[in-house]
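Q: 3D, please:
(one chain, ligands or ions: 1)
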Amino acid sequence: MTLEAIKYKSGQLQILDQLLLPAESKYIPIDGVKDGWNAIHKMQVRGAPAIAIVGCLSLVVEIYDKQYDTKAALAAEIGEQLEYLVTSRPTAVNLKLAADEMKALSESILSKDDIDVDEMRRSIIKEIECLLEKDISDNRAIGEHGANVLLKGVDRPLQLLTHCNTGSLATAGYGTALGVIRSVNERNLLEHVYCTETRPYNQGARLTAYELVHDKLPATLVTDSMVAALLNSRKIDAIIVGADRVAANGDTANKIGTYQMAVVAKHHGVPFYVAAPFTSIDVAISDGTCIKIEERPDHELTHIGGQRIAAPGIGCWNPAFDVTPAELITGIITERGVLKPSEVATKVRR
Ligand SMILES: CSC[C@H]1O[C@H](OP(=O)(O)O)[C@H](O)[C@@H]1O
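A: Predicted structure coming up:
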């Protein structure tokens, strides 16, 4: 049975409440755009691709059975709801790009006199529903390209390190960086995978470890602070992480802690790969300084599972992401192949 973060069928949407994992596996209904916004903002569902898919599917739920007097009224609601959904979390670009595409489709159909309002609604719904399958096929392709590049010239199983969660719980299925690890394993060439706990939300300890145990992969959990010691004491063949937003020059925003892992990888001569679909690449921004970094509430740092672990009154800084400069990235593994960071601007066109 494969892990599913998102369950959708005919206008009915449920998500796996990831705040409860790994203790409890519970699906909750998303009954419209407000539910979608809240679930994304609270990180009941997270992961750049999953955020885009759940956000857009919550709009499908919203309009699925609604009747609209005119195409203009439908187009206005689609535009307003998508602009609202994009405010749920600022750093990952996927939802913004998907929203822009759906708004453009809506405006394009609005101008076509031979399409009535119900056909327009059905076309938008169909386009959004396709996001699920497309994401899975993108991830499978990323997995193959990633396994090819990691295994090039290698005739022995690999030891890999990953950060945060980039698997089925961050996407429509299979995953990006974790998808590459799954593809290496499918070729019987995965010796071992190490995953970081990824403080403070603990995507690694709570989610990636959950996926690795579910898939029965040989895996070890380490703390974020162990990465340098791990690279210094064990043969790690590569580090592979996900992305929330890749800028035109290849600078990459990803979960906090990614940047320092890239610095340590450079020091130890370990290849550092980003795995990301084109839907995570934002060529509209020149470099990483243009990426807004989300800051999250103090209590995510001062409490674990509702238990206080830091003194009341201590100040906190809780950026959810950091930016890894392009020069620290060996390659960006996409569904269309592995890009050098310097190739992003020319190979990725909007
Ligand atoms: C394929 S998921 C990409 C990305 O999203 C995660 O962030 P969050 O859990 O806060 O949504 C993490 O940065 C992953 O690498």
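Q: Helices along the stretch 251-350 of the chain, start to end?
A: 258-268, 299-302, 344-347 (DSSP state H, counting those that start in this stretch).
Q: Let's see the first one as PDB, backbone CA atoms only.
A: The C-alpha coordinates for helix 258-268 follow below in PDB (Å, rounded to 0.1, in the frame of the first residue of the first chain):
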ATOM      1  CA  THR A 258      19.800  22.800   4.000                       C
ATOM      2  CA  TYR A 259      22.400  25.600   3.600                       C
ATOM      3  CA  GLN A 260      24.700  24.400   6.300                       C
ATOM      4  CA  MET A 261      24.500  20.800   5.000                       C
ATOM      5  CA  ALA A 262      25.700  22.200   1.600                       C
ATOM      6  CA  VAL A 263      28.600  24.000   3.300                       C
ATOM      7  CA  VAL A 264      29.600  20.800   5.100                       C
ATOM      8  CA  ALA A 265      29.200  18.800   1.800                       C
ATOM      9  CA  LYS A 266      31.600  21.200   0.100                       C
ATOM     10  CA  HIS A 267      34.100  20.900   2.900                       C
ATOM     11  CA  HIS A 268      34.000  17.100   2.600                       C
END
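Q: what does stretch 283-296 contact?
A: 89-91, 201, 245, 247-249, 251-253, 282, 317-325, 344-345, 348-350 (Cβ atoms under 8 Å, 6 or more residues apart in numbering). (Glycine included, C-beta is placed from N, CA and C.)
Q: Walk me through the domains of the protein.
A: As given by the TED database, the domain ranges for the chain are 6-136, 156-349.
Q: Just the terminal-to-terminal distance for the last one.
A: With Cα to Cα, to the nearest Å as the measure, domain 156-349 spans 37 Å from end to end.
Q: ok, then the element right after the lengthiest helix in the chain?
A: The single longest helix within the chain, with elements called by DSSP state H, is helix 117-151. With elements assigned by DSSP states H and E, the helix or strand that comes after helix 117-151 is strand 158-162.
Q: That following strand - which strands sit beside it in the sheet, and in what orientation?
A: When pairing is defined by DSSP bridges, strand 158-162 lines up against strand 190-196 (parallel), strand 238-241 (parallel).
Q: Point me to the residue of the stretch 101-250 of the chain nearest the ligand.
A: Nearest residue of the stretch 101-250 of the chain to the ligand (Cβ to the nearest ligand atom) works out as Gly242 at 2.8 Å.
Q: Now for that residue: which residues touch it?
A: Contacts of Gly242 (Cβ under 8 Å, 6+ apart): 47-48, 163-164, 166, 170, 176-177, 254-255, 274-276, 280.
Q: Not including adjacent chain positions, what is the nearest residue to it?
A: Computed as Cβ to Cβ, 6 or more residues apart in numbering, the closest residue to Gly242 that is not its neighbour in sequence is Thr166, at 3.5 Å.
Q: so the one you found touches Tyr174, yeah?
A: No - using Cβ atoms under 8 Å, Thr166 is not in contact with Tyr174, being 10.2 Å away.
Q: returning to that earlier point: give the buried residues for the longest helix of the chain.
A: Within helix 117-151, the residues that qualify as buried by neighbour count (16 or more other Cβ atoms under 10 Å) are 117, 120-121, 123-125, 127-129, 131-132, 135-136, 138-151.
Q: could the domains of the chain go into CSV alongside mean pLDDT?
A: Formatted as CSV, those follow (pLDDT from 0 to 100):
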stretch, mean pLDDT
domain 6-136, 97
domain 156-349, 97
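Q: and the nearest residue to Thr334 once chain neighbours are set aside, what does it touch?
A: Spatially, and ignoring its direct neighbours in sequence, Thr334 is nearest to Phe278 (5.8 Å; Cβ to Cβ, 6+ apart). If a contact means Cβ under 8 Å, 6+ apart, then Phe278 has 138, 334-336, 348 as its contacts.
Q: Looking at these, which is nearest Ile236?
A: Thr334 (22.9 Å; Cβ to Cβ).
Q: wait, what's in contact with that closest one?
A: 142, 145, 276-278, 281.
Q: Test of understanding: give the bridge partners of it.
A: Here Thr334, judged by DSSP bridges, has bridge partners Gly337.
Q: I'd like the distance between it and the ligand.
A: 12 Å (Cβ to the nearest ligand atom, to the nearest Å).
Q: What's the separation between that residue and Ala170?
A: 16 Å (Cβ to Cβ, to the nearest Å).
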